[in-house]
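Sequence first, then the predicted structure, then my questions.
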Amino acid sequence: MKTALTQVGLTNTVRPLIKKNGAFGRENSIENRFIAQFVAGERASFSNGYDFGKESKHPVDPLWAIGSATVKGKISNLKFLPNNTATADITYEFRDRFTDPYDTFNWVEGEWNPNGTPYEIEDRWTNKMEFKYRPQTEKQLLELLKQN
């Protein structure tokens, strides 16, 4: 069974964290770091695990229940504009497996789901971005997109 963030009431909690400076113990946001890596010619996609539980404000905050989840990002629709400015889309994918709610601290080996069935939380959304780039890297950025 797959469930979207909207179905568990977390769309407006999870998505802003991707753009929030200081989230996940890092100075810049996930999105800002990814854009910088793209502009530097390093990559046009990523897939990383993040501990959303650390972003919870209190024990009944639903982020605490998510714990670790995977966020992927991929750049597309790159357009070069005047004045060394470019626009592009970043499509994000969020994935978490909600399971083992009675054993949050993993005291029992494996999964323990006596009152329910584990389920996947998956979501996908696109953010538009605008950034500055060096004109001499235009071909390199286009090549990065082809590799995805």
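Done, it's in. Numbers count the residues shown, from 1 in each chain.

For Glu27, give me the backbone phi and psi.
phi -60, psi -50 (degrees, to the nearest 10).

In this structure it contacts Ala36, no?
No: using C-beta atoms under 8 Å, Glu27 is not in contact with Ala36, being 11.7 Å away. Every residue, glycine included, has its C-beta placed from N, CA and C.

So for those two, which sits in the more crowded spot?
Ala36 (12 against 9; other C-beta atoms under 10 Å).

Quick check: that one vs Tyr133, distance?
According to C-beta to C-beta, to the nearest Å, Ala36 stands 11 Å off from Tyr133.

Also Thr3?
38 Å.

Looking at the two, which has the bigger crowd around it?
The neighbour count for Thr3 versus Tyr133, taken as other C-beta under 10 Å, is higher for Tyr133 (20 against 15).

dump the residue contacts of that one.
Going by C-beta atoms under 8 Å, 6 or more residues apart in numbering, Tyr133 touches Val39, Phe80, Asn84, Thr85, Ala86, Leu141.

roughly how far apart are the last one and Glu109?
Separation of Leu141 from Glu109 (C-beta to C-beta) stands at 47 Å.

What lies in contact with the strand or helix carrying Lys139?
Assigned by DSSP states H and E, Lys139 belongs to helix 138-147. Applying C-beta under 8 Å, 6+ apart, the contact partners of helix 138-147 are Phe38, Val39, Gly41, Arg43, Ala44, Ile75, Ser76, Leu78, Phe80, Ala86, Tyr133.

how does it look with 7 Å?
With contacts defined as C-beta atoms under 7 Å, 6 or more residues apart in numbering, helix 138-147 is touched by Phe38, Gly41, Arg43, Ala44, Ile75, Leu78, Phe80, Tyr133.
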